[in-house]
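Q: Sequence first, predicted model second:
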Number of protein chains: 2
Amino acid sequence: MSDAASARARPGRRPGASGTREAILLAARARFEEVGYDRATIRAIAVQAGVDPALVMHFFGSKQQLFLDAIEMTIKPAEAVPAMLEDGLDGLGERLAAFYLDMWESPDTRDGLAGIMRSAFSHEDAAALLRGFLGSEVFGRLVPSIEGQDAALRVGLAGAHLVGIAIARYVVKVEPLASADRDTVVAAVGPTIQRYFTGDAR
Amino acid sequence: MSDAASARARPGRRPGASGTREAILLAARARFEEVGYDRATIRAIAVQAGVDPALVMHFFGSKQQLFLDAIEMTIKPAEAVPAMLEDGLDGLGERLAAFYLDMWESPDTRDGLAGIMRSAFSHEDAAALLRGFLGSEVFGRLVPSIEGQDAALRVGLAGAHLVGIAIARYVVKVEPLASADRDTVVAAVGPTIQRYFTGDAR
């Protein structure tokens, strides 16, 4: 936040720029979570980040890009997916389930994820952006490592399962799934994800 | 449906009551889908159904009850769950996956389901109502037939998977899951649900 303040004072200064960018993304994520993609305005995001709306446009160019970069900042697939694939397909289901659950367990990322999903759920524009992002940034990195002609479908089913877990456990809070400890859920879901990746999905 | 309606309505108005009740529920479902639970008003629902707001209150008593009855009308768990359990646990995963997919494939129920989920996703009140409904009306009917101490958790995981499929396929429309034919999805998801119900979930 103090980085953001110094960047505001000297917009061109490098050290503060990344802090400002992050402050804007955090503000955007919070707005998406509070009011949804459609009703989140560049102006309100700028006010929340303590910057001029023109600076938001300077950094991101559009609300679309802001939404995409907010997803990127939250999930970081360019780092996360290769890290998960580093040890091969063995145990990939459990590693992915653990990584995903941990994102939702952490207060830092949980609200961001909820905002992204809430936005995509309520607004077709946001759904299209998320769909494109998942296709190129997540599935595009994961699917080539999975064997079989229907690899993309199976990766999609695995992803769908994880999305459903988050909604049932963290959003609608259906019991006993909501109160089950993290390890129990990872242990139950990991093998299911693994089957979609490597086993007979049928 | 007609039993419930006639039980609620005054005896003298029996013939029209069930039609009116259904019209109100359809209007409510449409409002929940369009604006979410929080912003759907009894007044707007009454206008959309072409009835007086007092009649909505007469039939349902509260927006809460209207939401619950809209869920009930859409999912009909009192009929659907026993019908699914009639042939035992064998193939239950596939029957449930098929039943659930068919609800989403049908334009009649798809928007209703999307509205319920959108409402529960955005508003804690609606989430609490859906949570209670699923607990007593769906899981309460299903869990006693499933063996094992962690039956409730495994049923919850199966339900979470189905919710995720709907979001990925019908709402966010992630490919190739969105375009895969219904039978392919049922064939891929059914065994996963079955494993949660009867197999080793770990």
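A: Okay, I see it.

Q: How much space separates the nearest residue to A:E137 once chain neighbours are set aside from A:I71?
A: Among residues not flanking A:E137 along the chain, A:P77 sits closest, at 4.5 Å (CB to CB, 6 or more residues apart in numbering or on different chains). (Each C-beta comes from the backbone N, C-alpha and C, glycine too.) As judged by CB to CB, to the nearest Å, A:P77 and A:I71 stand 9 Å apart.

Q: All the helices of chain A, residue numbers only.
A: A:2-9, A:14-39, A:42-49, A:53-60, A:63-75, A:77-85, A:92-105, A:107-122, A:124-133, A:140-142, A:151-166, A:182-198 (DSSP state H).

Q: Tell me how many other residues crowd A:A126.
A: 26 (other CB atoms under 10 Å in any protein chain shown).

Q: should've said A:D52
A: 14.

Q: and if you look at the one 4 residues further on?
A: Here the neighbour count serves as a burial measure; for A:V56 (other CB under 10 Å) it reads 24.

Q: wait, it sits on A:I45?
A: Yes - under the criterion of CB atoms under 8 Å, A:V56 makes contact with A:I45 at 6.2 Å.

Q: Check the most centrally placed residue in chain A and give its pLDDT.
A: The residue lying closest to the centre of chain A (CA atoms, centre = their mean) is A:I75, at 3.8 Å. The model reports A:I75 with a pLDDT of 89.

Q: Verify the contact between it and A:F99 for me.
A: No - applying CB under 8 Å, one finds A:I75 not in contact with A:F99, separated by 9.7 Å.

Q: thinking again about what came up before, need the overlap of contacts for A:V56 and A:I45.
A: A:I24, A:L66 (CB atoms under 8 Å, 6 or more residues apart in numbering or on different chains).

Q: that older thread, quick check: the gap between the residue nearest to the centre of chain A and A:L25.
A: Going from A:I75 to A:L25 by CB to CB gives 13 Å.

Q: again with A:V35
A: Applying CB to CB to A:V35 and A:L25 gives a distance of 16 Å.

Q: Looking only at neighbour counts, state which of the two leads.
A: Using other CB under 10 Å as the criterion, A:V35 and A:L25 rank with A:L25 on top: 24 against 17.

Q: and the more buried one, how far is that from A:Q48?
A: 11 Å.

Q: And A:A158, by the same measure?
A: Distance from A:A158 to A:Q48, by CB to CB: 35 Å.

Q: neighbour-wise, which of these two wins?
A: Shown here are A:A158 and A:Q48; by other CB under 10 Å, A:A158 has more neighbours (27 against 17).
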